[in-house]
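**Q** here is a sequence together with a model predicted from it:
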Amino acid sequence: MTRHLLKLSDLSADEAQAIVARAIALKNSRDPSYRPFVGKTLAMLFTKNSTRTRVSFESGMVKFGGHALFLSASATQMGRDEPLSDTAQVLSRMCDAIMIRNDSQADQEELARHSRVPVINGLSNLHHPCQLLADMQVWTEHRGNPRGKTAAWVGDGNNVCHSFIEAAKLFDFKLRIAAPVGYEPAQEIVRHGGNLIEVTHDPKAAVAGADLVVTDTWTSMGQEEETQRRLKAFAGYQVDDAMMALAKPEAIFLHCLPAHRGEEVSASVIDGPQSVIYDEAENRLWAQMALVEFLLGMTPAAK
């Protein structure tokens with residue numbers, strides 16, 4: 001059966017943890033002779049701009065002997081003269097896996113339904129599972145197993161927040177989410193996390209005693225016309241030194257980038273000693289290559 005990763009909960013807890021462990025092993029080894037993807041091609045479909053998603057998938061495929069094709073919406077027939085079902089049928093006869101970064105979880109599901117090969121969510125309006133594999137990797141590298149620990153999400157209950165909720169269940173940690181009224185995560189996804197998830201409108205309460213503090217931009221791509229309204233709504237939600245001081249002294253700070261210093265996070269925090277954002281960004285490469293191995297049935301994690 002073809003496996004896809006459209007949301008983090010498409011994995012079992014054992015599978016997710018094995019992929020993270022494999023990503024750490026690949027990163028620590030950096031063995032240039034290990035080239036499992038020779039002859040393998042990844043099709044990368046983009047309708048949204050990207051830095052880390054494109055570079056990490058493309059560089060990773062090259063490092064491991066494969067090839068990645070960058071396919072932008074403006075340069076393909078996807079969503080114009082051709083239905084997604086036809087795109088999926090054609091690409092999956094020519095390529096070994098498909099990664100898509102777009103605005104629609106529903107379109108990703110449609111693509112996967114008609115694909116013979118794994119489809120990977122590189123970001124959608126609802127989920128960002130690859131980011132969370134990288135985040136779980138960096139948390140494990142710096143502070144050990146997340147199990148039983150507490151993470152604090154401060155800001156918009158967006159796609160990354162949704163994937164954090166699913167990560168909490170798979171990696172067995174508590175997640176406190178502080179979001180303004182009207183910007184909370186989707187209730188059906190919160191319910192999925194069960195009693196591991198707490199939603200509040202008080203960012204200080206969320207961060208108090210946390211092992212990990214994470215935020216994201218207040219205005220995502222496609223929301224630019226909402227910028228002024230969002231800046232007003234998120235006043236008081238900036239992760240600054242005073243807020244970080246409420247977390248445990250050994251707490252680390254994450255941000256998936258791009259960041260707006262002086263808005264959702266102060267420069268002193270994101271550029272400070274508790275920030276591990278560049279390790280986090282690098283881990284997109286290692287976590288995603290471990291994921292591709294898994295989806296293609298090429299590692300013990302796939303069994």
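**A** The structure has been received and is ready for your questions.
**Q** contact partners for the spatially most central residue of the chain?
**A** Geometric centre of the chain, nearest residue: Q131, 1.9 Å, by Cα atoms, centre = their mean. Shown in contact with Q131 (Cβ atoms under 8 Å, 6 or more residues apart in numbering): 123, 160, 163, 256, 284. Just so you know, the C-beta spots here come from the backbone N, C-alpha and C atoms, and that holds for glycine as well.
**Q** touching, the last one and L132? I think so.
**A** By that I understand R284. No. Checked against Cβ atoms under 8 Å, the pair R284 and L132 is beyond contact range at 10.6 Å.
**Q** which pLDDT value belongs to G79?
**A** On pLDDT, G79 comes in at 59.
**Q** repeat that for the one 4 residues further on.
**A** Predicted confidence (pLDDT) for P83: 88.
**Q** from L111, how far out is it?
**A** P83 is 10 Å from L111, where distance means Cβ to Cβ, to the nearest Å.
**Q** tell me which of these two has more neighbours.
**A** Using other Cβ atoms under 10 Å, the more surrounded residue of P83 and L111 is L111, with 25 against 13.
**Q** so for the more buried one, what's the pLDDT?
**A** 96.
**Q** number of nearby residues for W153?
**A** 30.
**Q** swap in T51?
**A** 10.
**Q** tell me which stretches of the stretch 1-150 of the chain form strands.
**A** 41-46, 67-72, 97-101, 119-123, 150-154 (DSSP state E, counting those that start in this stretch).
**Q** next, the angle strand 97-101 makes with the lengthiest helix in the chain.
**A** Once the chain is assigned using DSSP state H, the helix that runs over the most residues is helix 277-295. Here the directions of helix 277-295 and strand 97-101 differ by 140 degrees (axes from the mean of the first three to the mean of the last three Cα atoms, to 10 degrees).
**Q** okay, buried residues for stretch 177-188 please.
**A** The neighbour-count check on stretch 177-188 (16 or more other Cβ atoms under 10 Å) flags 177-180, 183-185 as buried.
**Q** please apply the same query to stretch 186-197.
**A** Applying 16+ other Cβ under 10 Å to stretch 186-197 flags 189-190, 192-193, 196-197 as buried.
**Q** residues making contact with that stretch?
**A** 9, 126, 157, 162, 165-166, 168-169, 172-175, 177, 184, 199.
**Q** tell me the helices and strands packed up against the worst-scoring helix or strand of the chain on mean pLDDT.
**A** Lowest by mean pLDDT, DSSP states H and E among the helices and strands of the chain is helix 227-233, with a mean of 90. Other helices and strands packing on helix 227-233, by 3 or more Cβ pairs under 8 Å, 6 or more residues apart in numbering; DSSP states H and E, are absent; none qualifies.
**Q** on that earlier part again, just name the closest of the buried residues of stretch 186-197 to T217, please.
**A** Nearest to T217 out of the buried residues of stretch 186-197 is I189 (Cβ to Cβ; 19.5 Å).
**Q** that closest one should be in a helix, yeah?
**A** Yes. According to DSSP: H, G, I helix; E, B strand; the rest coil, I189 belongs to a helix.
**Q** check it and give its pLDDT.
**A** On the pLDDT scale, I189 gets 98.
**Q** elements contacting the longest helix of the chain?
**A** Using 3+ Cβ pairs under 8 Å, 6+ apart, helix 277-295 is in contact with helix 13-29, helix 52-63, strand 119-123, helix 129-143, strand 252-255.
**Q** tell me the pLDDT at the nearest residue to D135 once chain neighbours are set aside?
**A** Nearest non-adjacent residue to D135, counting by Cβ to Cβ, 6 or more residues apart in numbering: L254, 5.8 Å away. For L254, the pLDDT comes out at 98.
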